[in-house]
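Asker: A predicted structure for the sequence below; I have some questions about it.
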Amino acid sequence: MLESDPTVRVFCERPGFAQFDGRRYLIDFHVRYADRQELLLLPDPVIVEDGNPRSVVDATAMTVRHVEHAELGASRIWIDNWQRMLPCLIATRGLVPASLFNSIERFVATSQSLLDIEREFSTGDPIVVRAALFGLLHTGRVTAPELRTEPLSWSTRFAAAEVRS
């Protein structure tokens with residue numbers, strides 16, 4: 001979920017411990033968003049009772065958010081889709097020309113399926129086209145709401161994000 005959120009600037013897994021509610025917890029993630037920071041505890045957090053002094057994160061300096069099982073369950077399809085898209089982004093890092101991003105964004109000014117996008121821009125292996133499209137989705141320039149409820153497929157529709165002033 002963190003890797004797919006365009007408002008997340010940086011995150012660190014298991015940055016340390018935080019003391020609150022009279023207990024010391026192992027923090028799962030320290031997340032810096034565009035407008036805030038927070039500490040995340042996943043379901044069934046690790047509570048440390050051993051009295052061994054370890055680095056403690058100041059939990060009073062930012063929000064501590066407990067992610068519940070239901071929240072993760074509700075996001076399962078979204079997470080699965082991003083697990084399929086992220087390797088494409090990583091494998092092509094630095095290989096997608098800026099002109100392709102811009103061309104695809106213009107093409108999806110009206111909603112288009114993945115198949116139509118690949119047909120329009122692929123000259124061989126569609127991986128670079130997919131990487132450009134998924135990169136646009138990752139940065140918030142393109143949307144695909146059905147990816148939250150349906151598995152990624154050739155019929156998945158993508159559209160340019162509305163420009164907000």
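Answerer: Looks like it arrived, so ask away. Numbering: from 1, shown residues only.
Asker: switch to C-alpha atoms for all contacts and neighbour counts from now on
Answerer: Noted.
Asker: Which positions within stretch 119-131 qualify as buried?
Answerer: Of the residues in stretch 119-131, 121, 127, 128, 129, 130, 131 count as buried by neighbour count, 16 or more other C-alpha atoms under 10 Å.
Asker: Same check on stretch 34-53?
Answerer: So stretch 34-53, judged by 16+ other C-alpha under 10 Å, has buried residues 37, 38, 39, 40, 41, 42.
Asker: Just the residues you listed: which are in strands?
Answerer: Mapping the buried residues of stretch 34-53 onto strands (DSSP state E) picks out 37, 38, 39, 40, 41.
Asker: doesn't residue 138 make contact with residue 5?
Answerer: Yes: Residue 5 lies in contact with residue 138 (C-alpha atoms under 8 Å); the separation is 6.9 Å.
Asker: what's the helix or strand of the chain with the lowest mean pLDDT packed up against?
Answerer: Across the helices and strands of the chain, mean pLDDT, DSSP states H and E gives its lowest value to strand 56-57, namely a mean of 72. Packing partners of strand 56-57 (3 or more C-alpha pairs under 8 Å, 6 or more residues apart in numbering; DSSP states H and E): strand 8-20.
Asker: With just CA atoms, put the strand it packs on into CSV.
Answerer: As requested, C-alpha coordinates have been extracted for strand 8-20 and formatted as CSV (Å, rounded to 0.1, in the frame of the first residue of the first chain):
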residue,chain,number,x,y,z
VAL,A,8,4.3,8.8,0.2
ARG,A,9,7.7,10.4,-0.1
VAL,A,10,9.8,8.0,2.0
PHE,A,11,9.2,5.1,4.3
CYS,A,12,11.4,3.0,6.5
GLU,A,13,10.6,-0.5,7.7
ARG,A,14,11.1,-1.3,11.3
PRO,A,15,12.8,2.0,12.3
GLY,A,16,12.7,1.3,16.0
PHE,A,17,10.5,1.1,19.0
ALA,A,18,7.9,3.5,20.4
GLN,A,19,6.6,3.7,24.0
PHE,A,20,2.9,4.4,24.4
